[in-house]
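1. coordinates only, sequence not included:
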């Protein structure tokens, strides 16, 4: 027989916080709330508690909702919110831990006469939990502070902002800031009986350096320390308040009114310093000294005689330790010597006494959760009043318990502990806790048999008088079925069957007994409500923590392990399953794989490694057979859409084709949308009005006057953002959607549809308004966020009018992910929500979707195949989706919206999506070929650093950086088409460039297939020859070169083309005069007139060091111009980086 430890709930907002706490859990099972919220429930090391852990995402509203759900599901001893926060106090350092003594909800104010007047709301920490924190033993290397915490709806990353000023003025003692604890505090306050505490690790100082801190792993450090601190607090709580036993020990739990030492403790029914009427009408309770004073709470196992004892008997001191039974708790702790008092009809609901929450005396051959009460003969219906012991059963052991009169109570009622009660054995064998007999009127206690004990943790509904109240006899599930077997029972509702509420033998509604124990309970006058609570406890109280089953299923069915394979230590793994995943999903898959761990299969220990690979790049590599130069070969491929599998099979060599399966299953899904900044979307009728691809093409016919005709001239021209369909799923889907729109078909697209001149005209019209392309949507959204941060709404609206992205990107962007995805890419770390959110406009004439397929390649060894299949099953588990994908706006693999797909987040969970049939592979290939001719042309100036450092050898390569660049030249110019105009400059310093400028023109900008004046070949060949002839020498005149290149391209600006510069450098501005400064250059190149976008490449390990704020010079240059900074600090990756850069054109 095993103990059932009490439950605590721990909530986290971020995966990094969740994983930090999850590392402390063992024997984990999953429990799902009817709403879909998932809790990982497991033993919390060395605390004596079971912890129910949830990952809920950010925001106070969500936190409040999940707090209420957790309370009703588990009725926990305590609820902790554990995670990271920004530091507000100068005395805090990153890695310090703050225990919240008070939570401020700072988003509340009145504006009067131009002045914002704070209307603060605050919630105090639980006194009990705060005391445990004050006495806890923490890691000596960690500083723990006890301070107020401010909670709102934004991430603060600027000490000079209005919000920072508001916090200093109105909440100047707040030490940290975060986004969830106000919701927890308010929910705990409204629930009225939930002990809550916030523990936060400081991951940044809220001073503008958050991104740099995140990049250095400070979130992981802070989350790990906060989780360890939480465990320390709960360990202390288990010792000093709850009395939970450390692992491997057997301690009794002190009665809430006792300090566990045998010293009499008088309780007044209130917490120290607490106001209100709690317990005001209750007399004090005194527990006598002596061995019985520290009473075991319900669920404590007391040694008894072994199973060979078939004769009912009382527990004796000489009983062995191997047949433990739970001991019902009484107020005196003397179970053998007192006579209970009988219940009388005059006793009202205020006099109701809690009954035993744990039955005793289960025979050794009765299985846990057995619907058969102890002593019931085989074949006898549950609750049968005529049941008699079976010959082969060990008869239940009758146990007598006592009560003690409470002095001065007016009526000498028994007052058992709030955590336990007496259970009596009747002569009929009916299993029900019942009333007491009066010591004055009856010298003999009425006895009743006790039902079979349950071995799983027992938790009642919130209205139950104790944490583990079983109610009457065998628990029933909904609709009169047994909660363990699903079979009908003889009692099918409240009051039916023996011992039901309202029957002469049934339990009375429990009284709320205030105490200083783990729970403070207040009297409730409603007999109906209390009776209902008992019924709910009967139905759900003995199920797995928190009780009830959904849809008539048993609790065991609602607790599932997402993996079917046994785990093994990653340190012992001898096999690696590699997954190549699209960059917008790879980070979530990395986290999910980390939680999944290593698994045993076919005699091997297999771990999972996830690599982020662009969908189009991976398609080309797989179709060609995936060479060593492409990186680690994958076993599973997950592009953003299954169209890439069709393309790969169409283009694959015969050998490569054998590895590619014909079909796949999605991991998650997300429909394509036309995302627009909020003011623009509302101007066009969002959320009710939908837009089609045909509308987009008509708008693009006259983009310059589009907004002026709608009364918004200040917004400038219509500007569309769209990714390159050769590399990006959203770009491919948008192009397919446009062809579908003109065709008007809901069937499959054909090559004839793609070649139709009218269809191509519509697609060309849409492409005409594209500001630039890109290999991922991260570029557009990061640029939009940079514009929003720089100049707010006005700047954001000038950057872009609409961008074709997945719904998930809109949700993630609006929730503070600046690249529209949970990503490790530079500049993509989460921050505060944007000033100007995006809104999803769902195309009314075609709705392609990204289905993120899970493609297990053919020919894998058996152990890899087994783990690959098991990991997909794991990913399809709703709890895994909610933890790792739902927070970032995805829909489930079968298309159901996640919790974050809401109108507040810019999406619609109720939108009707148009049927869409994905084209066949050869049609997709034709779409890409035709698009290359229809896309917007580009005017691009390539500027290459030829300073001396370009001659440095690359470690492990044997070649210099310049030699590697020359080898990558086809990726630099090979992707441009005949409609593009390209030129080439080199730069170092003036002394090496003729003494005037730091740069030199090598090939003037112009059409690639044209022969420049005086040249002996075409511009395309001339560009290749000049790159191959570059010689490193001199310093790095970066600023002057960028300034001049932008001015040059503006002089030949083509409004119908994408005007851009590709700048590659391996160093910093050095060895040149001080002028121009970086500020001078940024002020000139960042003007919106004749926008020239600069796409920078940091080439080599020494390139472009970060400043104090974590940003680099090249990032600042790219951001100022609406371009993007690319990282090639590993020169061996230069081919992939160049491919990504040129995909913008």
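-> Cool, got the structure. Owing to the predicted nature of the structure, the values given are computational and were not obtained by experimental measurement.
2. quick one: the strands in the stretch 901-1050 of the chain?
-> Secondary structure of the stretch 901-1050 of the chain, counting by DSSP state E, counting those that start in this stretch: strands at 938-945, 981-987, 999-1007.
3. Pairing partners for the longest one, with directions?
-> Its sheet considered, strand 999-1007 pairs with strand 981-987 (antiparallel) by DSSP bridges.
4. and the angle for the strand it pairs with with strand 938-945?
-> Orientation check (axes from the mean of the first three to the mean of the last three Cα atoms, to 10 degrees): strand 981-987 against strand 938-945 gives 20 degrees.
5. So, low pLDDT: which residues of the stretch 551-700 of the chain?
-> Along the stretch 551-700 of the chain, segments meeting pLDDT under 70 span 551-561.
6. all helices of it, in order?
-> Assignment of helices within the stretch 551-700 of the chain using DSSP state H, counting those that start in this stretch yields the ranges 555-558, 586-596, 615-623, 643-651, 654-657, 678-683, 693-701.
7. Tell me which residues are up against the longest one.
-> This means helix 586-596. 15, 19, 22, 562-563, 579, 581, 608-613, 638, 667, 821-824, 871, 874-875, 880, 883-885, 888 (Cβ atoms under 8 Å, 6 or more residues apart in numbering). For glycine as for every other residue, the C-beta is placed from the backbone atoms N, C-alpha and C.
8. Roughly how far does residue 796 sit from residue 716?
-> Distance, residue 796 to residue 716, using Cβ to Cβ, to the nearest Å: 12 Å.
9. Tell me which of these two has more neighbours.
-> Taking neighbours as other Cβ atoms under 10 Å, residue 796 and residue 716 compare with residue 796 leading, 26 against 17.
10. I figured that one hits residue 781, correct?
-> No. Contact criterion Cβ atoms under 8 Å: residue 796 and residue 781 do not qualify, at 11.0 Å.
11. Reformat the strands of the stretch 901-1050 of the chain as a markdown table; add mean pLDDT.
-> Formatted as a markdown table, the strands of the stretch 901-1050 of the chain follow (pLDDT from 0 to 100):
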| stretch | mean pLDDT |
| --- | --- |
| strand 938-945 | 94 |
| strand 981-987 | 94 |
| strand 999-1007 | 92 |
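12. Mean neighbour count and distance to residue 36 for those - can I get that in TSV?
-> Below are the strands of the stretch 901-1050 of the chain laid out as TSV (neighbours: other Cβ atoms under 10 Å; distance: least, Cβ to Cβ, whole Å):
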stretch	mean neighbour count	distance to residue 36
strand 938-945	25	47
strand 981-987	24	53
strand 999-1007	18	56
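13. can you redo those as a markdown table with distance to residue 59?
-> Shown next, in a markdown table, are the strands of the stretch 901-1050 of the chain (distance: least, Cβ to Cβ, whole Å):
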| stretch | distance to residue 59 |
| --- | --- |
| strand 938-945 | 41 |
| strand 981-987 | 47 |
| strand 999-1007 | 49 |
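14. quick one: which of these is nearest residue 894?
-> strand 938-945 (40.6 Å; Cβ to Cβ).
15. okay, and for the stretch 101-250 of the chain, where does confidence drop off?
-> Using pLDDT under 70, the flagged stretches of the stretch 101-250 of the chain are 107-120, 154-155, 157-162, 240-250.
16. which residue ranges form the strands in it?
-> Secondary structure of the stretch 101-250 of the chain (DSSP E, counting those that start in this stretch): strands located at 109-112, 115-118, 121-124, 144-151, 176-178, 196-204.
17. so what's residue 795 closest to, chain neighbours aside?
-> Computed as Cβ to Cβ, 6 or more residues apart in numbering, the closest residue to residue 795 that is not its neighbour in sequence is residue 787, at 4.4 Å.
18. With respect to residue 764, which of the strands of the stretch 101-250 of the chain lies nearest?
-> strand 196-204 (47.1 Å).
19. Please check the contacts of helix 586-596 and keep the buried ones.
-> The neighbour-count test (16 or more other Cβ atoms under 10 Å) marks 15, 19, 22, 562-563, 579, 581, 608, 610-613, 638, 667, 821-823, 871, 874-875, 880, 883-885, 888 as buried among the contacts of helix 586-596.
20. Go through these and flag which are in strands.
-> Assigned to strands by DSSP state E, the following of the buried ones among the contacts of helix 586-596 qualify: 579, 581, 608, 610, 611, 612, 638.
21. Tell me the bridge partners for the first one.
-> Bridge pairing for residue 579 (DSSP bridges) gives the partners residue 610, residue 636.
22. where does the chain have low pLDDT?
-> Residue ranges of the chain with pLDDT under 70: 1-3, 107-120, 154-155, 157-162, 240-561, 744-747, 915, 990, 992-995, 1104-1111.
23. tell me the domain boundaries of it?
-> Split into domains by automatic domain parsing, the chain comes to 7-240, 302-560, 567-668+867-875, 670-853+899-924, 937-1142.
24. Now render those domains as a markdown table, adding distance to residue 893.
-> Shown next, in a markdown table, are the domains of the chain (distance: least, Cβ to Cβ, whole Å):
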| stretch | distance to residue 893 |
| --- | --- |
| domain 7-240 | 15 |
| domain 302-560 | 17 |
| domain 567-668+867-875 | 4 |
| domain 670-853+899-924 | 8 |
| domain 937-1142 | 29 |
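25. quick revisit: now for residue 796 and residue 781: what residues contact both?
-> With Cβ under 8 Å, 6+ apart, residue 796 and residue 781 have no common neighbours.
26. Give the buried residues for stretch 792-809.
-> Applying a neighbour-count criterion of 16+ other Cβ under 10 Å, one finds 795-809 buried in stretch 792-809.
27. Identify the residues contacting residue 78.
-> Counting by Cβ under 8 Å, 6+ apart, residue 78 makes contact with 8, 9, 126, 128, 129, 195, 196, 197, 234, 237, 518.
28. now swap in residue 609 and tell me
-> Residue 609 is in contact with 576, 577, 578, 579, 593, 632, counting by Cβ under 8 Å, 6+ apart.
29. List the contacts of the fourth one.
-> Which is residue 579. Residue 579 touches 589, 593, 608, 609, 610, 611, 634, 635, 636, 637, 638, counting by Cβ under 8 Å, 6+ apart.
30. so which pair among the residues you listed is furthest apart in space?
-> Maximum pairwise distance in the contacts of residue 579, criterion Cβ to Cβ, is 14.9 Å, between 593 and 637.
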